[in-house]
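Trainee: Following is a predicted model, sequence given first.
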Amino acid sequence: MSIAQVKNVRQTILDVAKLLVSKKGFSAVGLNEVLQGAQVPKGSFYHYFDSKDAFGVALLDGYFEIYVHGMNALFNRTDLSEAQKLDRYWQQWIDNQTGGDWGKCLAVKLGAEVADLSEPMRQALERGTTSIIGCITASLLRGEEDRSLTLKGDPQDIALELYSLWLGASVMAKITATGRPFEQALSLTHNVLMPPN
C-alpha cells in the first residue's frame, strides 16, 4: 500500500470516528465500530495509529485544524466589521450546537471526558482551544482598531472568558435541550463587547 493510500484510509477512519464520537463520546465508541464504519478490516487499526491515545490526538488535531481554518476564513473577510464577524461566529456556534444533535463540537463533547483519562488528548484539547482563543483575541484587537467593539479589559482575558462562557452554554444547552443558554450567552457577550455607556 502506498503512502497516499495509507493517508487516505487513515483519514477515512478519522472522518467516520468524528461522526461517531460527536454523538456517543470517545469512551463509548469501540475501535471495531469505527473500522466497520470505515470499511477497514478488523485488526488493522494499529497499522494506522500507534495507540488509541494517538488516534484520539489525531482526531482532535484534525478537528481543530478544520475549525480554526473556518474561523480564519470568517475573520479574514473584509466586508464586515469585527463586531459583525464575531456575531456571525457566535451564531455559527449556536447553529452547530442546535442543528439536530445537541453538541457537535468535539471540545464540548470530549473536554471533560478525556482530559482526566489521557494526557496526550488533554494536551491536544489545550492546543486546539488555545488556537481558538487566539483567533478570538486577534478579532477583539481588530475590533478595537475599527471601533466596532468597546473593550474594558485585556483582550486575551476577555477572549478566554467568552470562550469559557460559550463552552458552558453548550453544556447547559445539552442538559436542558433548549437554546436558552445560548440566548443568555449571546446577551452577556454583547454586554462584554459593547457595554452600555
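Mentor: Arrived safely, thanks for sending. Residues are numbered from 1 along each chain as shown.
Trainee: Now do the helices in the chain.
Mentor: 3-24, 31-37, 45-48, 52-75, 82-98, 106-115, 119-145, 155-176, 180-193 (DSSP state H).
Trainee: Tell me which of the ones you listed is the most buried.
Mentor: Among the helices of the chain, ranked by average contacts under mean count of other CB atoms under 10 Å, first place goes to helix 106-115 (a mean of 19). (Each C-beta comes from the backbone N, C-alpha and C, glycine too.)
Trainee: then that helix to CSV, C-alphas only?
Mentor: What follows is helix 106-115 as a C-alpha-only set of coordinates in CSV (Å, rounded to 0.1, in the frame of the first residue of the first chain):
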residue,chain,number,x,y,z
LEU,A,106,-15.6,17.9,20.0
ALA,A,107,-14.2,20.3,22.5
VAL,A,108,-17.6,20.4,24.3
LYS,A,109,-18.1,16.6,23.8
LEU,A,110,-14.7,15.4,24.9
GLY,A,111,-13.3,18.1,27.1
ALA,A,112,-14.5,16.7,30.4
GLU,A,113,-14.5,13.1,29.3
VAL,A,114,-10.9,12.6,28.2
ALA,A,115,-9.0,15.4,30.0
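Trainee: what distance separates that helix from the middle of the whole chain?
Mentor: 10 Å (CA atoms, centre = their mean, to the nearest Å).
Trainee: possible to save the helices of the chain as TSV with mean pLDDT?
Mentor: Listed next are the helices of the chain as TSV, based on pLDDT from 0 to 100:
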stretch	mean pLDDT
helix 3-24	85
helix 31-37	91
helix 45-48	87
helix 52-75	94
helix 82-98	93
helix 106-115	85
helix 119-145	96
helix 155-176	95
helix 180-193	96
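Trainee: how about the nearest residue to residue 48, chain neighbours excluded?
Mentor: Nearest non-adjacent residue to residue 48, counting by CB to CB, 6 or more residues apart in numbering: residue 10, 4.5 Å away.
Trainee: list the contacts for that neighbour?
Mentor: Applying CB atoms under 8 Å, 6 or more residues apart in numbering to residue 10 gives the contacts 48, 49, 58.
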